[in-house]
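1. just to be clear, the model below is a prediction. Sequence and coordinates:
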Amino acid sequence: MTEKYKIQGGEPLRGEISVCGAKNSVLKLFAASILVSGVTKIYNVPNLTDVNVMLQVLRDLGAKLDYNKGEKSVVVDATNISSVTAKYELVSKMRASFTILGALISRCKEAIVALPGGCAIGERRVDFHIKGLETLGAKIKIENGYVHAKAPKLVGADIYLDIPSVGATENLMLAAVTAEGSTRIQNAAQEPEIVDLANFLNTIGADINGAGTSEIVINGVKQSSLHSAEYTTIPDRIEAGTFIAAVVGTRGKAVIKNVYPAHLTFFNDKLIKMGANIKLADPTTIEVSTKGRLNSINFVTQPYPGFPTDLQAIAMTLLTTANGVGIITESLYENRFMQVPDLRRMGADIHQDRNHAIIKGVKNLTGANVVASDLRAGAALVLAGLMANGETIVEKLHHIDRGYEFFEKKLRDLGGKIQRYNDETNIEQGVLNESRL
Ligand code: EPU
């Protein structure tokens, strides 16, 4: 079934929406849940296809799951883990499932996890994950596209990451939870999702300090001392940023709830420099509005707390109609300007030279047929469609469904003219099926 969005642009977004739980956090919380030989309950679980893939990984290992749609919660019963294999069919669909490697090593002292391979936005290697796990004492072989890890005894160590990789920090934290002695991860990733994972692990009985700084210390505990717990996932800062940009780009006015503004300081600051009004209404609510044309800015994507690469494409869309010339430097991925050819088809003036993009603002974008090439590039094209004059069709929605819960419904709640329809029948599908999980 080929589903597409049909967007009628030019409508300012107005109203109120609430942000869901963070995709890039909850996926790792689910991996971590298998450390407990018992039951954990995770709240604020977003209804996304990526979540579905991670839950399938857990089911394959032998965990029992119970999804409560009304509560947006999932109970994971990992009392019995009967397999240590995460197969290629799942890991290749969703790279974050590679985090199960560290969790399996911690819980079962053994893991067989498919190597994720490259993806549309870049090579995305896992060498730091492997080297770090070896430093902790895991014996690792790569055979037939799978990582085979055996770790009868893990011993804490000092590990320095060449770059602050989010996934490597998470895999190493998970493995080190039950290692003997202390592990120190230096040049660790500092993303809010790392803090959320550390908080979850501490809630189940781990001993982790320093998450959110560049040095994390994990004091190993006995696996048998880890226990059942309930935990609520943090709000999704990238979803929040996407909606802030959508309100700003359509010159609308909206209230965005369930946000942690501190997680978006850099992004919001750049938008304020462009001319947006972003005000704190209460600790988890922000009010966003804009009048008139935005001004161009320059930015470089950086690990947290710098400008998030996951909002780069969205910000590029804002620059396409801003006053002046803006320069974006993408420093994390080799190939994350995939939205550029489609934005050009909508009238944007963008010059790309390797990891730099120079965007000369035009007065208006015009609607066109475009294709989502990955999750964030897809969201950027939806935003372009909402800002453009006329009709935009966005194809390949499965990329967008990976990371945005009920995207079109939330945009429609804000007055956006966006419909999902099936190409074959031309019948609008409406919001996504809530029983997906
Ligand atoms: N890298 C290596 N070797 C490694 C690990 C990483 O060379 O062993 C490189 C990667 O190739 C990449 C850079 O380091 O160029 C950053 O990778 P990192 O490991 O930090 O990213 P990740 O854990 O694979 C997570 C998010 C991404 C987000 C990045 C950066 C999840 C599931 N994914 O990926 O989110 O872009 O951190 O913030 O947490 C998205 O949500 O659209 C998304 C791609």
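-> Happy to help now that I have it. Residues are numbered from 1 along each chain as shown.

2. stretch 355-365 close to the ligand?
-> No - with C-beta under 6 Å from any ligand atom as the criterion, the ligand is not reached by stretch 355-365; the gap is at least 10.9 Å. Just so you know, the C-beta spots here come from the backbone N, C-alpha and C atoms, and that holds for glycine as well.

3. helices of the stretch 1-150 of the chain, residue ranges please.
-> According to DSSP state H, counting those that start in this stretch, the stretch 1-150 of the chain carries its helices in the segments 23-33, 49-61, 88-91, 100-108, 127-135.

4. got these as a markdown table, with mean neighbour count, distance to the ligand and mean pLDDT columns?
-> Putting the helices of the stretch 1-150 of the chain into a markdown table (neighbours: other C-beta atoms under 10 Å; distance: least, C-beta to the nearest ligand atom, whole Å; pLDDT from 0 to 100) gives the following:
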| stretch | mean neighbour count | distance to the ligand | mean pLDDT |
| --- | --- | --- | --- |
| helix 23-33 | 28 | 3 | 98 |
| helix 49-61 | 20 | 8 | 96 |
| helix 88-91 | 17 | 12 | 94 |
| helix 100-108 | 28 | 12 | 98 |
| helix 127-135 | 19 | 3 | 97 |
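
5. pLDDT below threshold where in the stretch 101-250 of the chain?
-> 117-118 (pLDDT under 70).

6. how about the residues of it by the ligand?
-> For the stretch 101-250 of the chain, the contact set with the ligand under C-beta under 6 Å from any ligand atom comprises 122-129, 163, 165-168, 189.

7. go ahead and flag the most central residue of this protein.
-> Centroid check for the chain by C-alpha atoms, centre = their mean gives Asn24 as the closest residue, at 3.9 Å.

8. enumerate every residue touching the residue lying closest to it once chain neighbours are set aside.
-> Spatial nearest neighbour of Asn24, chain neighbours left out: Glu193 (4.8 Å); criterion: C-beta to C-beta, 6 or more residues apart in numbering. Shown in contact with Glu193 (C-beta atoms under 8 Å, 6 or more residues apart in numbering): 22, 24-25, 28, 166, 170, 234.

9. does the residue nearest to the centre of the chain touch Ile238 like I think?
-> Yes - using C-beta atoms under 8 Å, Asn24 makes contact with Ile238 at a distance of 7.5 Å.

10. just tell me which of the helices of the stretch 1-150 of the chain ends up closest to Thr183.
-> Closest to Thr183 of these is helix 127-135 (C-beta to C-beta; 8.8 Å).

11. between the helices of the stretch 1-150 of the chain, which gets nearest to Asn295?
-> helix 23-33 (30.3 Å).

12. any idea how many residues pack against Val247?
-> When neighbours are defined as other C-beta atoms under 10 Å, Val247 has 28 of them.

13. residues contacting it?
-> Residues near Val247 by C-beta under 8 Å, 6+ apart: 13, 253-254, 256, 288-290, 414.

14. and if you look at Thr40?
-> By C-beta under 8 Å, 6+ apart, Thr40 lies in contact with 33, 75-76, 78, 204, 228-231.

15. and it, how far from Gly205?
-> According to C-beta to C-beta, to the nearest Å, Thr40 and Gly205 sit 11 Å apart.

16. again with Lys64
-> The gap separating Lys64 from Gly205 is 21 Å, by C-beta to C-beta.

17. hang on, the earlier thing: dump the contacts of Glu193 to a markdown table, plus distance to Pro116.
-> Converted to a markdown table, the contacts of Glu193 look like this (distance: C-beta to C-beta, whole Å):
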| residue | distance to Pro116 |
| --- | --- |
| Ala22 | 20 |
| Asn24 | 15 |
| Ser25 | 19 |
| Lys28 | 15 |
| Val166 | 14 |
| Glu170 | 14 |
| Ile234 | 24 |
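
18. next SSE downstream of the one helix or strand Ile272 maps to?
-> Ile272 belongs to helix 265-274 when assigned by DSSP states H and E. Going down the chain from helix 265-274, the next helix or strand is strand 277-282, by DSSP H and E.

19. got the buried residues for that next one?
-> By neighbour count with 16 or more other C-beta atoms under 10 Å, strand 277-282 contains the buried residues Ile278.

20. returning to what we had before: nearest to the ligand among the contacts of Thr40?
-> The ligand lies nearest to Ser33 out of those, by C-beta to the nearest ligand atom, at 16.0 Å.

21. residues near Gly122, how many?
-> Residues within reach of Gly122, counting by other C-beta under 10 Å, total 14.

22. from what I can see it touches Ser331, true?
-> No - using C-beta under 8 Å, Gly122 is not in contact with Ser331, being 11.5 Å away.
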